[in-house]
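Undergrad: Quick one: sequence and predicted model below, then my questions.
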Amino acid sequence: MASTIGRRGLLTGVGALLAFAFLGAMALSGQIRDSGQFIRFVPAGVLRQAPAQVDRVELITGAARWTFTRAGGPWRLESRVAPVPRSLATHLDDSIKFLHVSAPIRVMERTEWAEQGLREFGLDPPAYSVALFQSGRRLLAADFGSPNPQKVLQYMRLEGGDEVYVMSRFIGQEWEQALAEARR
């Protein structure tokens, strides 16, 4: 019986030693063994730059324009010193992130939409527009149109392009929440 306990203790000790050796090898190499079970995240949105690089946002409707800036701190209306309410800042941040990570469901080339025209998609004129900047340089400008008949997708067009993007509706809804908060 004593030899059985001794063997178990020896096996446990050897197992622990091997585990520590493996952890030590991982720490020294600086890499985790890739098992192929993990999918690496790759942003597929229309905004190529990281959301943290955006330091100015312009929201434009037919009748009004709001400009929000941040310089190493919270979002502020350009004309005010005080930060915007936390809920508005959250909507701005989430809206930018969604443009960075959410791929279009479909991209319609000009030949697909030209016969109907942009008015058919609520893009002539757009319901609202968004422009994102970094250090005074325009990163992206997008016009948002109407939702699709099922209300789960929304039409969007990027400035300077001929394509109409069919995007998940939650992206436009987040910008609309920011607009609603800005109007208060």
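TA: Arrived safely, thanks for sending.
Undergrad: care to break the protein down by domain?
TA: The chain breaks down into these domains under automatic domain parsing: 1-39, 51-183.
Undergrad: how about the strands of this structure, start to end?
TA: 56-60, 65-69, 76-77, 106-108, 128-134, 137-147, 153-158, 164-168 (DSSP state E).
Undergrad: if you compare those strands, which one is most tucked away?
TA: A comparison of the strands of the chain by mean neighbour count, using mean count of other C-beta atoms under 10 Å, puts strand 153-158 on top with a mean of 22. (Each C-beta comes from the backbone N, C-alpha and C, glycine too.)
Undergrad: what packs against the lengthiest helix in the chain?
TA: The longest helix of the chain (DSSP state H) is helix 2-29. Applying 3 or more C-beta pairs under 8 Å, 6 or more residues apart in numbering; DSSP states H and E, we find helix 2-29 packed against no helix or strand.
Undergrad: Quick check: mean pLDDT of that helix?
TA: Per-residue pLDDT values over helix 2-29 give a mean of 72.
Undergrad: swap in stretch 65-77?
TA: Rounded mean pLDDT across stretch 65-77 is 94.
Undergrad: and that stretch, how far from the chain's centre?
TA: In this view, stretch 65-77 has its centroid 18 Å away from the chain centroid, taken as C-alpha atoms, centre = their mean, to the nearest Å.
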